[in-house]
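**Q** pasting a predicted model and its sequence here:
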Amino acid sequence: MASVARRLGVAPSTLRTWDRRYGVGPSRHTNGRHRRYGSSDIGRLELMQRALLRGASTAEAAKYALEQMPRTATEPPEAVMVQVEERATPPADDHDVPSRLARRLSTAALAMDFGAVQRMLADTIRELGVLPAWTGVVSPVLTALGARWRGVSAGAEVEYLLAECVYAALVRATPVLREPRNQRPVLLTCVPDERDNLPMYALAAALAGRRIGAQLFGASLPAEVLAVTVRRSVPAAVVLWSGRHATADPRLFARVSRGRQRSRLFACGPGWDPATLPDKIELLGELTTAADRIEHVLVGARR
């Protein structure tokens, strides 16, 4: 259950409450005190979470998820199952901290309340930290507002407002380092034609919080400009972000690795296909894992 809760950004006790009250829970049982979430169960929970972020009540969101993905008497075994142990814990409030903050942020954005969105982002980052705020609050809200729920779209103006506020909040959360722990910086940038650059701002802020110096290019650079930038910056590592398969071109790594100075090269983002990446190119996972790995590669040996 813990892994499913982390994926959704809610507390395990919240999942148990949703299961008990609304019937949105694991569909398979094993001997003893274990239950299993299948991919269809997780899909229902993701639908429910999106509805919550769009302003639905918990009961409405659960009903919507069950309408969209009805449960069968005996759901077929899934390819990937998550085994969880049922613990006797007291009922918890549905609104754990990330969910509560996400709903408030979504409501403020839908109301086009610029000041409230700015204040909420600052408070969320201060309360949770940059990457927990990004993973548990900001990214789910951005995704939910870009999706459709009951045929209603948030509107481009809401997405633009929230994106601008998130950008500003992440920049403010990035300290200027006087004495970074790494001698040479890590270069963070998007691949050409990639528009989703906010994850790189979140990663840069998280690295700065660990006193890891980074050079961030928020605007995606043309391939030839990127190659020159790497040669002139002489970074210890290069992280290329791709959010879409259409923008992920593995040939970019050959362009940036020419010359005498060799930098450690990383691919990051859901756009990359591990099967197509050249040898020695490491694919980073989600942003917390990416920050851990970059820190280990750049300064871990000197700890």
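**A** Perfect, thanks for sending it. Numbers count the residues shown, from 1 in each chain.
**Q** burial count for the closest residue to S139 other than its chain neighbours?
**A** Spatially, and ignoring its direct neighbours in sequence, S139 is nearest to P199 (7.9 Å; C-beta to C-beta, 6 or more residues apart in numbering). In short, each C-beta sits where N, CA and C put it, glycine included. Other residues lying near P199 total 22 when counted by other C-beta atoms under 10 Å.
**Q** likewise for the one 5 residues further on?
**A** Using other C-beta under 10 Å, A204 is surrounded by 25 other residues.
**Q** going forward, count from 25.
**A** That works, and once the first residue is 25, the last one we named lands at A228.
**Q** Three-state assignment for the residue nearest to S163, please.
**A** Under DSSP: H, G, I helix; E, B strand; the rest coil, P223 falls in the helix class.
**Q** do V200 as well
**A** Classification of V200 using three-state DSSP returns coil.
**Q** which SSE is the nearest residue to it once chain neighbours are set aside in?
**A** Of all residues beyond its chain neighbours, the one nearest V200 is A232 (8.0 Å), with distances taken as C-beta to C-beta, 6+ apart. A232 belongs to helix 222-233 when assigned by DSSP states H and E.
**Q** packing partners for that helix?
**A** Here helix 222-233 touches helix 154-157, helix 180-196, strand 210-214, strand 238-241, strand 261-265, helix 311-323, going by 3 or more C-beta pairs under 8 Å, 6 or more residues apart in numbering; DSSP states H and E.
**Q** out of those, flag the one nearest P302.
**A** For P302, the closest of the helices and strands packed on helix 222-233 is strand 261-265, at 12.0 Å, according to C-beta to C-beta.
**Q** following the closest one, which helix or strand shows up next?
**A** helix 276-280.
**Q** buried ones in stretch 267-286, by neighbour count?
**A** Buried residues in stretch 267-286, counted by 16 or more other C-beta atoms under 10 Å: G267, T271, A272, D273, P274, L276, F277, V280, S281.
**Q** contact partners of that stretch?
**A** 214-220, 223, 247-248, 250-251, 254-255, 258, 262, 264, 266, 287, 289, 291, 293-297, 300-302, 305 (C-beta atoms under 8 Å, 6 or more residues apart in numbering).
**Q** narrow those to those in strands?
**A** Members of the contacts of stretch 267-286 lying in strands (criterion: DSSP state E): C214, V262, L264, L289, A291.
**Q** going by distance to D43, which of those residues wins?
**A** Set against D43, the nearest of those by C-beta to C-beta is A291 (37.4 Å).
**Q** if I pick that closest one, what's in contact with it?
**A** V263, L264, S266, A272, F277, L301, I305, E306, L307, L308.
**Q** repeat that with 6 Å
**A** L264, L301, I305, L307 (C-beta atoms under 6 Å, 6 or more residues apart in numbering).
**Q** excluding its backbone neighbours, what's nearest it?
**A** Of all residues not flanking A291 in the chain, L307 sits nearest, at 4.9 Å (C-beta to C-beta, 6+ apart).
**Q** count the neighbours of I305 for me.
**A** Around I305 there are 19 residues (other C-beta under 10 Å).
**Q** hang on, the earlier thing: for the helix holding A232, C-alpha coordinates in PDB please.
**A** Provided in PDB are the C-alpha atoms of helix 222-233 (Å, rounded to 0.1, in the frame of the first residue of the first chain):
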ATOM      1  CA  LEU A 222       9.300  23.100 -15.100                       C
ATOM      2  CA  PRO A 223      10.700  19.700 -13.900                       C
ATOM      3  CA  MET A 224      14.200  21.000 -14.600                       C
ATOM      4  CA  TYR A 225      13.500  24.100 -12.400                       C
ATOM      5  CA  ALA A 226      12.300  21.800  -9.700                       C
ATOM      6  CA  LEU A 227      15.500  19.600 -10.000                       C
ATOM      7  CA  ALA A 228      17.700  22.700 -10.000                       C
ATOM      8  CA  ALA A 229      16.100  24.000  -6.900                       C
ATOM      9  CA  ALA A 230      16.500  20.600  -5.200                       C
ATOM     10  CA  LEU A 231      20.100  20.400  -6.100                       C
ATOM     11  CA  ALA A 232      20.800  23.900  -4.900                       C
ATOM     12  CA  GLY A 233      19.300  22.900  -1.600                       C
END
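**Q** mean confidence score for that helix?
**A** Average pLDDT, helix 222-233: 97.
**Q** repeat that for stretch 75-84.
**A** 77.
**Q** give the buried residues for it.
**A** Under the neighbour-count criterion of 16+ other C-beta under 10 Å, stretch 75-84 has A75, L76, L77, R78, A80, T82 buried.
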